[in-house]
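K.L.:
sequence first, predicted model second:
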Amino acid sequence: MKLASLKSRVVSVLLILFLLSAAAGTVLWFTFQNWLSSPLDVPADGFHYELDSGKSLSHLSQDLASSKVLTHPRWLNWYARYYQKEKIHPGEYLLEAGITPLGLLDKLNRGDIVLHQVTFLEGWTFKQVMSALNQEPNVRHLLADKSDGERLQILNLPITHPEGWFFPDTYRFSRGTSDVEILTQAYNAMKKTLSELWSSKADNLPYSSEYQALIMASIVEKETGSASERDKIAGVFVRRLQLGMKLQTDPTVIYGMGDSYTGKIGKDHLITPTLYNTYVISGLPPTPIAIPGKASLQAALHPDSSKALYFVAKGDGTSVFSETLTEHQRAVARYQLQRSSDYRSTPK
């Protein structure tokens, strides 16, 4: 009887211990599940964290615990190890208010890093492109304070002059991306766009290379006040090249003046020789004068087929196009000379 009673007591104790263990396990399981889906202690405006290359999830969880953002850092490591979610991507992360440990791990697994952006606008010069990059604090600056020649050496692109080659667009990048990487991406975008449009260009254009089309497109970009007139403006300049006429376009004069340009050009500027003064030189200038957008590239390679050889700005963003010099002179007298006796719009 005593042995049976002892066995009964042992079984009872074991059962109680089992039930207690099961209850504790259940409580721990629900606590863990609640922790997984509970928001981290993140400020209302979010929390930025930079995960350096080579650092593991363990490093991150300890850093977040030290910052009082994450509780139970080992739990995150255990969960990630068990479900094979330990592969995370380096970079800058923004932890939004309300994010949970599960959301954090998903963000790390996807590499959902913060992307910054820089925009190059149509009609910008390379100087303006570099200024935009130099003002971006999240870019790693390898080209700042360098000459254009030094920049070309560092970029190692198959070009001899940087003007016009970097496609106007918004480029998104992670913190620490170099200006070289961004410009290389912009160059590849321009090269791809130019080559695609060149392959379907109109017949009998006066360009011997894609580069000459890029130069023309840059002029069209700077001359266009109304988007609907791009092909008309391109048509004027194409026909002038075909007839051996000078382009006589003010934006090339301005570009050739460089830093001496103060916002206005006069007759003396139009007769002052520079490599870019198309009132003096014949044909295209030696390089683009700005970065053209796709629409200007398209216009340069598909100009209109009218007979206009002249145009003058009306002052509202549009232009009057003329086939003869006599018609053009009347338009100039009506729209231009009445505005300014010292400023001339192209071409004459």
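P.N.:
Thanks, I have the structure now.

K.L.:
please enumerate the strands of the stretch 151-300 of the chain.
P.N.:
When assigned using DSSP state E, counting those that start in this stretch, the strands of the stretch 151-300 of the chain occupy the ranges 170-174.

K.L.:
now the helices for it?
P.N.:
179-198, 210-223, 230-243, 250-257, 267-270, 294-301 (DSSP state H, counting those that start in this stretch).

K.L.:
now mean neighbour count, mean pLDDT and distance to Val139 too, for the ones you listed, in TSV please.
P.N.:
(Glycine included, C-beta is placed from N, CA and C.) Shown next, in TSV, are the helices of the stretch 151-300 of the chain (neighbours: other Cβ atoms under 10 Å; pLDDT from 0 to 100; distance: least, Cβ to Cβ, whole Å):
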stretch	mean neighbour count	mean pLDDT	distance to Val139
helix 179-198	18	98	5
helix 210-223	24	98	25
helix 230-243	22	97	32
helix 250-257	22	95	26
helix 267-270	14	90	36
helix 294-301	24	98	25
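
K.L.:
okay, the ones you listed in TSV with distance to Leu95 next?
P.N.:
Shown next, in TSV, are the helices of the stretch 151-300 of the chain (distance: least, Cβ to Cβ, whole Å):
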stretch	distance to Leu95
helix 179-198	26
helix 210-223	42
helix 230-243	46
helix 250-257	47
helix 267-270	57
helix 294-301	38
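
K.L.:
and those helices: which comes nearest Ser322?
P.N.:
Checking those against Ser322 by Cβ to Cβ gives helix 230-243 as the closest, at 9.4 Å.

K.L.:
any weak-confidence spans in this protein?
P.N.:
Within the chain, the stretches with pLDDT under 70 are 1-27, 29, 337-348.

K.L.:
same thing but at 80, please
P.N.:
Of all residues in the chain, those with pLDDT under 80 make up the ranges 1-32, 336-348.

K.L.:
which residues does the residue positioned nearest the centre of the chain bridge with?
P.N.:
By Cα atoms, centre = their mean, the mean C-alpha position of the chain lies nearest to Tyr171, the distance being 2.0 Å. When bridges are called by DSSP bridges, Tyr171 pairs up with Val118.

K.L.:
tell me, how many residues neighbour Tyr49?
P.N.:
Tyr49 has 18 neighbouring residues, counting by other Cβ atoms under 10 Å.

K.L.:
surely it is in a strand?
P.N.:
Yes. Counting by DSSP: H, G, I helix; E, B strand; the rest coil, Tyr49 is part of a strand.

K.L.:
mind listing what the residue lying closest to Leu297 once chain neighbours are set aside touches?
P.N.:
In this structure, Leu297 finds its nearest non-sequential neighbour in Ala217, 4.5 Å apart by Cβ to Cβ, 6 or more residues apart in numbering. Each residue near Ala217 by Cβ atoms under 8 Å, 6 or more residues apart in numbering is listed here: Gly164, Ala234, Pro288, Pro292, Ser296, Leu297, Ala299, Ala300, Leu301.
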